[in-house]
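Peer 1: sequence unknown, structure follows:
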C-alpha cells in the first residue's frame with residue numbers, strides 16, 4: 001500500500017478541486033490517500049500557515065488559485081521543497097482563452113455566484129424532495145423528468161442527482177397491488193423514464209434493506225419469483241406507454257443520470273425542431 005499526502009488548495013469552496021482529485025485517484029489501486037483540504041485561501045498569511053503543513057507532510061499539491069501573487073508564492077515554495085504543484089484548471093482555461101480570444105477573469109469562485117441558474121437548481125432540489133416516492137402527484141406536470149420503477153431501483157438517489165443538475169424530478173414506485181394514478185399516463189410536459197434492474201440484484205438490495213431495518217428477511221418483497229413478476233409488470237407498463245427504459249443493474253447513479261439527461265436533451269431538441277416545421 002502506497003501512502004500519498006494530497007494537498008488541495010482553493011481560493012473558493014474547493015468542490016471542483018475535490019472532484020478532479022477524486023476522478024484522478026480512481027485510476028490507481030493500492031493507494032492510501034491522506035487528504036489535506038484548504039479552501040478559501042485568499043491571503044498570504046493563510047498560505048503561510050498551509051505551507052508549514054505542506055513541509056511537514058510532503059506530497060502532491062493541487063491548486064485552483066487565481067491571485068497571481070498567491071500562486072507565485074505557492075509555486076516558489078513547492079519548488080524549494082521539491083514537491084510537484086499542479087494548477088488543476090490552467091490547461092482548460094488556457095485553451096478556452098486561446099479559442100475565445102479573451103483573457104480569463106481572475107475572480108475566485110465565480111462558478112458559485114448566485115445567478116439565475118443557481119436559484120433554478122435550488123428550486124429543482126426543493127421540488128424533487130417534495131415529489132419523492134409518488135408524493136405530490138397532482139403537480140407532476142411541472143416536473144422536467146419523472147422516474148418510474150419498482151421499489152429499490154435507485155429512483156430517489158437518481159432524482160436527487162438530477163435535481164442537483166437543475167432538473168425538477170419526481171419519482172413513483174410501480175407496485176402491482178397499488179396502481180399509479182391515471183394522471184401518470186396523461187402527462188405531456190415531463191419526460192417519463194422507466195427504470196428497471198435484474199431480479200437477482202433487486203432481491204439482494206432488498207434483503208440488505210430489510211436487514212438494516214431489523215425486519216423479517218423472508219417475505220414476497222424478496223421472493224425471487226415474486227420480484228420477477230414485479231419487474232415484468234413494470235416493464236409492461238413502460239412498453240404500453242412507449243416510455244424509454246434504462247436498466248440500472250450495472251450502472252452507477254451518475255451513469256444512469258447521464259443517460260436520462262441525454263434522453264431529455266434529445267427530446268427537447270426534437271420538440272424545438274418540431275416547433276420550427
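Peer 2: All right, it came through fine. Here the structure is a predicted model, which means the values were calculated and not measured. Numbers count the residues shown, from 1 in each chain.
Peer 1: Confirm that residue 86 sits in a helix.
Peer 2: No. Assessed by DSSP: H, G, I helix; E, B strand; the rest coil, residue 86 does not belong to a helix; its assignment is strand.
Peer 1: Run through who's touching stretch 263-272.
Peer 2: The contact list for stretch 263-272 (Cβ atoms under 8 Å, 6 or more residues apart in numbering) reads 144, 145, 167, 191, 193, 244. The way it works is simple: take the backbone N, C-alpha and C, and place the C-beta from them, glycine included.
Peer 1: Just send those residues back as JSON lines, with pLDDT and neighbour count too.
Peer 2: Formatted as JSON lines, the contacts of stretch 263-272 follow (pLDDT from 0 to 100; neighbours: other Cβ atoms under 10 Å):
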{"residue": "144", "pLDDT": "97", "neighbour count": "19"}
{"residue": "145", "pLDDT": "98", "neighbour count": "25"}
{"residue": "167", "pLDDT": "95", "neighbour count": "23"}
{"residue": "191", "pLDDT": "97", "neighbour count": "22"}
{"residue": "193", "pLDDT": "98", "neighbour count": "24"}
{"residue": "244", "pLDDT": "97", "neighbour count": "15"}
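Peer 1: So which of those belong to strands?
Peer 2: Counting by DSSP state E, the part of the contacts of stretch 263-272 found in strands is 145, 191, 193.
Peer 1: I'd say the last one and residue 260 touch.
Peer 2: Yes. Using Cβ atoms under 8 Å, residue 193 is in contact with residue 260, at 5.6 Å.
Peer 1: Residues that sit against both of those two, list them.
Peer 2: Both residue 193 and residue 260 are contacted by 145, 147, 246, under the criterion Cβ under 8 Å, 6+ apart.
Peer 1: strands paired with the helix or strand encompassing residue 148, and their directions?
Peer 2: Element membership for residue 148, per DSSP states H and E: strand 145-149. Pairing partners of strand 145-149, with direction, according to DSSP bridges: strand 169-173 (parallel), strand 191-196 (parallel).
Peer 1: Show me the contact partners of the shortest one.
Peer 2: Strand 169-173 is contacted by residues 124, 127-128, 131-134, 136-137, 139-140, 143-151, 155-156, 158-160, 162-163, 180, 184, 190 when judged by Cβ under 8 Å, 6+ apart.
Peer 1: Point me to the residue sitting farthest from the middle of this protein.
Peer 2: Distance to the chain centre peaks in the chain at residue 80, reaching 38.5 Å (criterion: Cα atoms, centre = their mean).
Peer 1: any idea how far residue 55 is from that one?
Peer 2: Counting by Cβ to Cβ, to the nearest Å, the separation of residue 80 from residue 55 is 9 Å.
Peer 1: what angle do the host helix or strand of residue 256 and strand 145-149 make?
Peer 2: Residue 256 is part of helix 253-276 when elements are defined by DSSP H and E. Angle, helix 253-276 to strand 145-149, by axes from the mean of the first three to the mean of the last three Cα atoms, to 10 degrees: 130 degrees.
Peer 1: got the domain boundaries for the protein?
Peer 2: Domain assignment of the chain by automatic domain parsing yields the ranges 2-111, 116-276.
Peer 1: can you pull the pLDDT of residue 107?
Peer 2: Looking at residue 107, its pLDDT reads 55.
Peer 1: Spell out, range by range, the helices that occur in the stretch 51-200 of the chain.
Peer 2: Assigned by DSSP state H, counting those that start in this stretch, the helices in the stretch 51-200 of the chain fall at 68-81, 90-100, 116-130, 155-164, 199-212.
Peer 1: got the angle for the second one vs helix 68-81?
Peer 2: So that's helix 90-100. Per the same axes, to 10 degrees, the angle that helix 90-100 makes with helix 68-81 is 140 degrees.
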